[in-house]
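Peer 1: turn this into a structure:
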Amino acid sequence: MSDGAQAGLITRTARLADWMHQRSWAIAMTVAIVITCGGLVILETARQRIASEYETALEARGVSVQLSELAAQLAQLQAHESRFLLTHEDADARGYCARAADIRRDIGSLDAWFKRAADGAELASFTQIAALIDARIGSGARALQQAAPHPLDLAACGGAAANPHADTSLVASTLSLLRDNEERRAQRALDASRADQRVSTLVAAGLSALNIVLFILLFRNLGIQIDSQAKAQKQLITQQEELDQLVNERTRQLEALGWHLQAVSENEKTQLARELHDELGAILTASKMDVAWARRKMQDVDPAIAEKLARALATLDQGIALKRRIIEDMRPTVLANFGLVTALRTLGDEAAQRNGWVLDLQLPDDEMQLDEQTEIALFRIAQESLTNAAKYARATQVTISLSASHGEVSLHIADNGIGIMPADLTRTHTHGLMGMRQRVAARGGRFDIRRGELHGTDIHVSLPVPTAGAALEEPRSMSGQAEPAVSSTNAQSDSTGTSATRL
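Peer 2: Okay, here's the model as predicted:
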């Protein structure tokens, strides 16, 4: 054999050994399953044989008992015949016929057994003895009829036999021989069943030992797998904890970023409102004053130019009103000057008048002492909720309620519109809902939006009311340096808001 052939043989042998090693457990399980199935087949076959042999033994014992009873009934038949010949009483004749009927019935059941289970010699012997017994009954009935002083009704005894003479000793010896044969048949069946039981016991013991070995190997393998899975699970738990920690850190960062962006947005709105009020308000006011002066001067000189200037004054008034509305949307002067309760009442009245709603206000009579950021958050949530109700709800009635208890302030806004769909609650592109959730989450509160019990949409917001010290420290911790700018511009917005209201 060449070196290449030897190397190929070694390689194939190594692959076969590796394959056997990798699949040894599967091979062992397959062999065990085959052996177990074979053992179960052997046990089932032995069980069926044992059951058949026991049944044969019981039937043979029953036939032996019937043969004994048949001999006893023949003796009773002889006794009835002898008593009648002595006493000539009809009761003995009737007893003779009753025994004869019982004997013929037992012979019928025994005949079915011998035809089914006995060999040819036993069947011939039983047929012969059945004929002798029938002849014996017939000859006895004839003897009774001859000895009776009056005619007897012996129809139950059957007809008289053609051969009136029956050898009683031959009948007894044949019955004894048949009974011994049945006893031996029963004993053979019992011996065979005991042998099958021993085989079944050995097979069951072998299967039990095999199963014990398999269970030991299985538990050993399972222990190895459980240890491996426990290590993998521990590693997964460690990785999951690291991921959860990272997610929580990212979530805190995103919440801080969201709060910072909201603070920056409010700061920019305040700054823009101040600039619109100071710069654009001054420009529009100066323009209106100049146009009004020019209109008065040209009213008598050139009426057409005066009419154009009047139109310009109207346009300037529209611009001033637009400027006021923009400033109110960006930084409501009512909220800055009068507080949250008045701002919510004003916001609800304007929205109800604009959309034709029936408004139900459940607000406190006095203003609440809340920090500025909580007021802004609740006002913006109410503003967004009413905007959504006007755009999508097709509502006719809106309820706004505000209450404070146990260190929390709660805002509830409900409408009787078509109601928010369940799919809309999980959408990621609904920026209005996301903004409201972010405002509430940044303040450590609870936000709940759901369909009403009958129809419409219910929005519940609960925010904690911080103490005075916490109210000062929280903006600095959440948004860094952006919040002081908001605070400084808020003071400016009070004065600008007042001026804008005068415009």
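Peer 1: per-domain residue ranges of this structure.
Peer 2: Domain assignment of the chain by automatic domain parsing yields the ranges 53-210, 253-331+473-503, 339-465.
Peer 1: show me where the stretch 401-503 of the chain has strands.
Peer 2: 408-415, 446-451, 457-464 (DSSP state E, counting those that start in this stretch).
Peer 1: how about the last one: buried residues?
Peer 2: Looking back up the chat, that one is strand 457-464. By neighbour count with 16 or more other C-beta atoms under 10 Å, strand 457-464 contains the buried residues 457-459, 461-463. (Each C-beta comes from the backbone N, C-alpha and C, glycine too.)
Peer 1: ok, of the strands of the stretch 401-503 of the chain, where does mean pLDDT dip lowest?
Peer 2: Lowest mean pLDDT within the strands of the stretch 401-503 of the chain: strand 446-451, a mean of 87.
Peer 1: pull the residues that contact that one.
Peer 2: Applying C-beta atoms under 8 Å, 6 or more residues apart in numbering, the contact partners of strand 446-451 are 419-420, 422, 425, 433, 436-437, 440-441, 457-462.
Peer 1: so which elements touch the strand or helix carrying Thr45?
Peer 2: Taking DSSP states H and E as the definition, Thr45 sits inside helix 24-87. Judged by 3 or more C-beta pairs under 8 Å, 6 or more residues apart in numbering; DSSP states H and E, the packing partners of helix 24-87 are helix 90-117, helix 120-147, helix 168-275.
Peer 1: which one of these lies nearest to Ala46?
Peer 2: Proximity of the helices and strands packed on helix 24-87 to Ala46 was assessed by C-beta to C-beta; the nearest stretch is helix 168-275, lying at 4.3 Å.
Peer 1: moving C-terminal from the closest one, which element do we reach first?
Peer 2: Past helix 168-275, the next helix or strand by DSSP H and E is helix 281-301.
Peer 1: what is the orientation angle of that next one with helix 168-275?
Peer 2: Per axes from the mean of the first three to the mean of the last three C-alpha atoms, to 10 degrees, the angle that helix 281-301 makes with helix 168-275 is 60 degrees.
Peer 1: and the next element down the chain from helix 281-301?
Peer 2: Next along from helix 281-301, by DSSP H and E: helix 303-330.
Peer 1: mind listing what's buried along that next one?
Peer 2: Applying a neighbour-count criterion of 16+ other C-beta under 10 Å, one finds 306, 309, 312-313, 316, 320, 323-324, 326-328, 330 buried in helix 303-330.
Peer 1: which one of the buried residues of strand 457-464 is nearest to Ala130?
Peer 2: For those, the nearest to Ala130 is Asp458 (99.9 Å; C-beta to C-beta).
Peer 1: list the residues that contact that closest one.
Peer 2: Counting by C-beta under 8 Å, 6+ apart, Asp458 touches 412-414, 448-452.
Peer 1: now the residues you listed as TSV including distance to Ile400?
Peer 2: Converted to TSV, those look like this (distance: C-beta to C-beta, whole Å):
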residue	distance to Ile400
His412	8
Ile413	6
Ala414	8
Asp448	16
Ile449	15
Arg450	17
Arg451	18
Gly452	15
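Peer 1: top of those by number of neighbours, please.
Peer 2: Most neighbours among the contacts of Asp458, by other C-beta atoms under 10 Å: Ile413, with 24 neighbours.
Peer 1: quick one: that one and Glu384, what's the gap?
Peer 2: 10 Å (C-beta to C-beta, to the nearest Å).
Peer 1: same question, Ala304
Peer 2: On the measure of C-beta to C-beta, Ala304 and Glu384 end up 48 Å apart.
Peer 1: how about Glu408?
Peer 2: Taking C-beta to C-beta, one finds Glu408 at 21 Å from Glu384.
Peer 1: Glu81 now?
Peer 2: Noted for Glu81: a distance of 121 Å to Glu384, by C-beta to C-beta.
Peer 1: more neighbours: the two, which one.
Peer 2: Between Glu81 and Glu384, counting by other C-beta under 10 Å, Glu81 is the more crowded of the two (22 against 18).
Peer 1: which residues touch the spatially most central residue of the chain?
Peer 2: Residue closest to the mean C-alpha point of the chain, counted by C-alpha atoms, centre = their mean, is Pro422 at 22.8 Å. Listed by C-beta under 8 Å, 6+ apart, the contact set of Pro422 reads Arg451.
Peer 1: tell me the contacts of Ile459?
Peer 2: Applying C-beta under 8 Å, 6+ apart, the residues contacting Ile459 are 381, 385, 411-414, 436, 447-449.
Peer 1: from those, pick the one nearest Glu44.
Peer 2: Asp448 (66.3 Å).
Peer 1: which stretches of the stretch 401-503 of the chain aren't confidently modelled?
Peer 2: For the stretch 401-503 of the chain, the stretches with pLDDT under 70 are 423, 425-431, 454, 467-503.
Peer 1: ranges for the helices of it?
Peer 2: 422-425, 431-442, 468-479, 482-502 (DSSP state H, counting those that start in this stretch).
Peer 1: now Ala351, nearest residue through space, not along the chain?
Peer 2: For Ala351, ignoring the flanking residues on the chain, the nearest one in space by C-beta to C-beta, 6 or more residues apart in numbering is Leu386 at 4.6 Å.
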